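Asks: Everything below, folded, please.
(2 chains)
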Amino acid sequence: RKEVEQDPGPFNVPEGATVAFNCTYSNSASQSFFWYRQDCRKEPKLLMSVYSSGNEDGRFTAQLNRASQYISLLIRDSKLSDSATYLCVAKAAGNKLTFGGGTRVLVKP
Amino acid sequence: DTGVSQNPRHKITKRGQNVTFRCDPISEHNRLYWYRQTLGQGPEFLTYFQNEAQLEKSRLLSDRFSAERPKGSFSTLEIQRTEQGDSAMYLCASRDQGVDYGYTFGSGTRLTVV
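Replies: Here you go, the predicted structure:
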């Protein structure tokens, strides 16, 4: 079993719609959580950190549920430019980031 | 350019050959990471340096792989006797000590072993 698991998708989303997806993590020692965005054949780029109280950055909302060990990302008013792979990341004490396999999102006109 | 720089961008090599990749981190970042990513998967951790010291190595890093970071600046990742299974994107990231979220990735080196 992978340490961080995600639905690979793709999630086909009409432009302007809302899409949400989760990831689960198995290492209960994980302390920090992030969502990264990766465009095709590009490097991952930090989208947002995920805080216990939940946090919002524009059209993006991230939630953390420590009891059930899952993280969610919600995208409102989807834009064509939101089409990408979204990587869920967990980090325990120490230094390495543990990535999920990614959720592919395709926003269509 | 003040980002993380990786060279070469692409490398095609024959099975059995040795290859070496280079990563130049952001200059003030003392921590440097190597990851490997295959198609349809997320990046997998390979190894990590704090300054010149290699502090952690993944089990993925077989004996054919070696990484160095002399003088705590740039890093090299060498793969000896390449195999087709080594074909992947090799990503380097750096961050500053004490900044939990500030991992910056380079554009990667795409290796194809034929």
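
Asks: The residue of chain A found nearest chain B: neighbouring residues, count only.
Replies: Here chain A gets closest to chain B at one residue, A:Phe99, 3.4 Å apart by CB to the nearest CB. From N, CA and C alone the C-beta is placed, and that goes for glycine too. A:Phe99: 26 surrounding residues under other CB atoms under 10 Å in any protein chain shown.

Asks: B:Ser66 belongs to a strand?
Replies: Yes. B:Ser66 sits within a strand when classified using DSSP: H, G, I helix; E, B strand; the rest coil.

Asks: That one - nearest residue in space that isn't next to it in sequence?
Replies: Computed as CB to CB, 6 or more residues apart in numbering or on different chains, the closest residue to B:Ser66 that is not its neighbour in sequence is B:Glu78, at 5.0 Å.

Asks: Please apply the same query to A:Val105.
Replies: Nearest to A:Val105 is A:Phe11, by CB to CB, 6+ apart, at 4.9 Å.

Asks: Would you tell me which residues of chain A are close to chain B?
Replies: A:4, A:6, A:8, A:32, A:34, A:41-46, A:49, A:87, A:91, A:94-102 (CB under 8 Å from any CB of the partner chain).

Asks: out of those, which are buried?
Replies: Using 16 or more other CB atoms under 10 Å in any protein chain shown as the burial test, the residues of chain A next to chain B include A:4, A:6, A:32, A:34, A:43-44, A:46, A:49, A:87, A:91, A:95-102 as buried.

Asks: out of those, which are inside strands?
Replies: Secondary structure defined by DSSP state E assigns A:4, A:6, A:32, A:34, A:46, A:49, A:87, A:91, A:98-99 of those to strands.

Asks: possible to save those residues as a markdown table with distance to B:Thr112?
Replies: Formatted as a markdown table, these follow (distance: CB to CB, whole Å):
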| residue | distance to B:Thr112 |
| --- | --- |
| A:Val4 | 27 |
| A:Gln6 | 26 |
| A:Ser32 | 34 |
| A:Phe34 | 30 |
| A:Leu46 | 28 |
| A:Ser49 | 34 |
| A:Leu87 | 23 |
| A:Lys91 | 31 |
| A:Thr98 | 26 |
| A:Phe99 | 22 |
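
Asks: Can you get me a residue count around the residue in chain B that chain A sits nearest to?
Replies: Nearest residue of chain B to chain A (CB to the nearest CB) works out as B:Gly42 at 3.4 Å. Using other CB under 10 Å, B:Gly42 has 23 other residues around it.

Asks: before we move on, the earlier item: so how far is A:Tyr70 from the residue of chain A closest to chain B?
Replies: Between A:Phe99 and A:Tyr70 the computed distance is 16 Å (CB to CB, to the nearest Å).

Asks: ranges for the helices of chain B?
Replies: Using DSSP state H, chain B contains no helices.

Asks: Could you list the low-pLDDT ranges of chain B?
Replies: B:1-2, B:98-102 (pLDDT under 70).
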